Each structure stands twice: as C-alpha cells, then as structure tokens.
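Participant: here are the coordinates; sequence isn't available:
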C-alpha cells in the first residue's frame, strides 16, 4: 500500500457515489469540494464506503482530513497499513 | 385407559405467533417514500432493518392502484425539482439519486409542457425555465416587479433548508413585501397545495423550498409514474436484506425512561429495537406511545385533506386543444386554503393533465385529474349508501366545474363526455387508508420536527411531519434522519 493506491481507492469510491462527476483531472493538492460537486452528504458516503469496503473507521471530528486527495493519502495510509498488519 | 396423544398444531402455532419476539437494530414504521429511502440508506451500510407497513402496498401517500386494467397513481401530480438545463446541479433530486445510488436516467423524466395559475380573470404561466416565469410576473404585475425581486432575494438569503429555519408566516411576509396582494395569493396557491399543513398559510421555509421546487426547478413525471421510483427502491431493499413486513400494523411502542424499547405489532409480535424511525406522523406516533413525543406539549392535529376525481377519456388532451400540464385555479382574488365546512370546496382546486408531460401525443386514452379541498369528518360521517351517492355527485360536479378553467372547456363538455371511458374518485377516507394519517391529512400535523428528534433518545420522526414535503422532500427527509441520527453515530 502506498499513497497513490490510497488516492485511487478514494477516487474509486467517489466514482461510485457520484457517477456523473468527471474525475480525469482531479488535482491532489486542491480541496475535493472546490473541484467537484460534492457536499457533506457525499463526504459522509466516502466515510461509510471506507468502512464498508475496507474496514477503516473515520471518526466524525476527523472528516476534514479527507478534504483533498493528498490529505486523504496522508491520513488514511497509516490506517490501511495498520489494517494490513493486523 | 387408552390415551391417544393428539397433536395440537393450531394451538401451539397460534401461541408461537402471538408471543414471537424478534430484534433489530432499526425498525422503521411506514413504507412510504421517507421510510423506503431511510431503509435503503441504512441497509446499504450494513444496518439490520425491519420495515413495517400497515397497508399491503408500499408508497404511502404516493402509492398506486388499478381499476379496470388501468394503472393510477394516488399522489403523483408532479415530481418537482426537475433538473432542467437552467436549474442544473442545484436540484435536490440529483442529491437523492446519488444518496440512493439510483440513476436519474432510469426515472425517464418527462418534463411538463407548461402550467398556469388562474385567479378570476388573471393568469400567470410557468414552465421549467424560471426566466419565463419572471417574464410573466413582469407582464402581469409590472408595478410589483421591484418588490418581487426583493422578495426573491430575501428568499435566497433565508436559511430555508436548515433544520433550524424559523417557521414564519408566509402570508405576513408577502403582505409586508409590497407586491400586489393578488400576486401574493397566486404564489400561495401552488405552494400550499403542494405541501402546506397549516390552515390558510404556509411556513416560510416550506414556501421557499416549494417555490424553488416548482418554479426555479420545475415539474416532471416519470414515464412509468410512481412505480418508476418505488420499484427500484423495493429491489434495493431485497438486495440489502431488509426485512420488509407488509400488512404489519403497529399497535404500540413501549418505552422505558427516555428510550423506546419495543414495538408491539397488531399480530401480537414483539420487536426489540435499538432505534426507531417513525414515518407515520407526529400525532400518530404519539398515539402509539400513548403520550406526547416532543417537549413541552402534544403536537397539533392537521385538518387539510382533499378529494380527487379522475376522468379517463379517449385520445389526447391536445385533441381538445388542452396543452397545459397543471392548472391551479381560484374563483376569486382571495385564496382560502383550509378544511372546508361542507364536503368539498369548489372555490379553488388543481387540474392535472398528466399526458401533457413529455411529447408523446400518440396515446389511446388520457387522464384528467381534478383536486379540491375536502372535509374528512363530513365524508366519514356518511353511511355507505350516502357516501357512494355523494362521491358520484361530486365526481361529476368537480369534473364539470374544472372545464370552466380549461380553454373552451364548457363548449367541449359534450365531446369530452362522449370520449369518457371511466370515472374514478378518491376521498379523504381513501387517503386515510393509504397513509393512516389522522383526519386523512395530506401533509400531516402543522407541528414539524425538521431534525426528526423526539424526547426519546432513540426514536426519530421522518417523512411528512419532519416538514420536508413532496416526493423529493419525503425521500431526502428519510435520508437525512438515517444519515444524521444513525449512520453518523456509527
């Protein structure tokens, strides 16, 4: 698992939640909200799908860690690694 | 003594049914649109859900029935919030499709042709392009235009979609806005009919939501009617393993301290619950609890109900030069939206020609639907014979009265009668049967609870008495309660 894989996992989830969004040019360092039409309901779904598909828990105060692909990668990578090690 | 051991299946069986106990994470009362949407959201993320419905079909107010081989929708005049090219991604309809993983394309939405509000001699037309409506207001009420634009700005700035929105009186805001009083009345008519539980008024946040839904976004209808929404939802329930129980009326909800503990069904079965979402209404939930569910007082009881008659006729409305989809009408300049003193109030009403959604005019037969306010108690007091007699009388009276609001309607009366294949009517009693709402109300109690919370920690309200109305509102309400009260909590 590396940061690029984590970003791809998040992008795959977004594609599932918002099939009408164009995800070809999503910039890693820009807030997802600023480049895609995503609202708080969609972010809840990213959290719910991470739990459902990968067993990763994101507590509500930490939802903001998911604001860009870079911050997702930084925040989620240790969680994926901890999950793989367990 | 020769004893024969007889099996006693009936006794043991009935005993096991009546004392059966099951348990679930979430029980949802009511399989209307709010209950269905909440069930899909919760089950999608692994919650164990039991969905309880008293009736034998899903949909609640937005259900369907068949007569003589024809399919009828109960509630659906229009699906609001049409995502038109001008309203685009702002439509909440797109949000709810995302949340439920439904494809908007599968709904096969047919946009309205155009519609009209008529008060006496004055008319305002609208379609799914808001600029056209603004032009109409400017043409008919030129001296009100500045005040109207200020009102629109005030509506945009008001936090209508927040759960904390203040439920101000729209009538008093319109009065103070400086627009022509007639324009105010004409704006109240469609918004009240599509979602007000308050007598002769509508709370301001609901007014704004409906104004956006009807005028800024617009009206459409799925090609297959309400089934186009209900069928994919019930398929998802199956896919996600929701335990859906039809013909399963709830007798009571047992509580202990500030928590709901068990649901007792009419069959006698007990369901132990961790959480309950009740979509049957705030007063109806109070009657299951046998006490109030909000502080400090009991909720108010709603009174507004309707009667609707449907004429099925040969050909297409265009054959009679009727090209409008919905007509909201009022005889005078003052709109009264209230429970009438008599059986039916003919002063105002709504006409819908559902075959004027979309552009297919090659149909064998079409429908004309006419809706008026009606008094539930008056209809309930009638004996069966009187009920049928009154129903027949009002059916004819309403359908003929509506003709005076359609182009050359009265002149074409005989022609329409000759084309008629079938008449059908549903009354406030029918609405009661489909929704179990006290008084057969269309929009429930005037008391709303937007965030769904009650004085019980694990009992939430969703649907009509959450205050998000219409098909789109009910579903988004169910989704919001599932998300904010249950999924976020883990």
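Facilitator: Cool, the structure landed. Here the structure is a predicted model, which is why all the values come from computation and not from measurement.

Participant: Close to chain A: what parts of chain B are there?
Facilitator: Residues of chain B lying near chain A by C-beta under 8 Å from any C-beta of the partner chain: B:44-46, B:89, B:94-95, B:98-99, B:101, B:103, B:479, B:483, B:487-488, B:490. All C-beta spots, glycine's among them, are computed from the backbone N, C-alpha and C.

Participant: show me the contacts for the closest residue to chain A within chain B.
Facilitator: Taking C-beta to the nearest C-beta, chain A has its nearest neighbour within chain B at residue B:45, 4.9 Å off. Residue B:45 makes contact with A:48, A:51-52, B:487, according to C-beta atoms under 8 Å, 6 or more residues apart in numbering or on different chains.

Participant: biggest separation within those, which pair?
Facilitator: Maximum pairwise distance in those, criterion C-beta to C-beta, is 10.9 Å, between A:52 and B:487.

Participant: Please identify which of the two sits among more neighbours.
Facilitator: Counted by other C-beta atoms under 10 Å in any protein chain shown, residue A:52 and residue B:487 do not tie: residue B:487 has more neighbours, with 20 against 14.

Participant: The residue of chain B closest to chain A and residue B:326, how far apart?
Facilitator: 38 Å (C-beta to C-beta, to the nearest Å).

Participant: What is the least confident helix or strand in the chain?
Facilitator: Went with chain A since none was named. helix A:69-85 (a mean of 92; mean pLDDT, DSSP states H and E).

Participant: Pull out the buried positions in that one.
Facilitator: A:69, A:71-73, A:75-77, A:79-80 (16 or more other C-beta atoms under 10 Å in any protein chain shown).

Participant: and which of the residues of chain B next to chain A is nearest to residue B:283?
Facilitator: After measuring the residues of chain B next to chain A against residue B:283 - C-beta to C-beta - the closest member comes out as residue B:479, at 23.4 Å.

Participant: Where does the prediction get shaky in the chain?
Facilitator: Assuming you mean chain A. The model of chain A has pLDDT under 70 over residues A:86.

Participant: wrong chain, I was asking about chain B
Facilitator: B:1-18, B:87-88.

Participant: Residue nearest the middle of chain A, spatially speaking?
Facilitator: The residue lying closest to the centre of chain A (C-alpha atoms, centre = their mean) is residue A:10, at 3.7 Å.

Participant: Stretch B:150-164: which residues count as buried?
Facilitator: Of the residues in stretch B:150-164, those buried (16+ other C-beta under 10 Å) are B:151-152, B:155, B:158, B:160, B:163.

Participant: end-to-end on it?
Facilitator: 23 Å (C-alpha to C-alpha, to the nearest Å).

Participant: And it, how far out from the chain middle?
Facilitator: 23 Å (C-alpha atoms, centre = their mean, to the nearest Å).

Participant: of all the buried residues of stretch B:150-164, which comes closest to residue A:59?
Facilitator: Using C-beta to C-beta, the buried residues of stretch B:150-164 come closest to residue A:59 at residue B:163, 22.2 Å.

Participant: and the closest one, which of the three is it?
Facilitator: Secondary structure assignment for residue B:163 (DSSP: H, G, I helix; E, B strand; the rest coil): coil.
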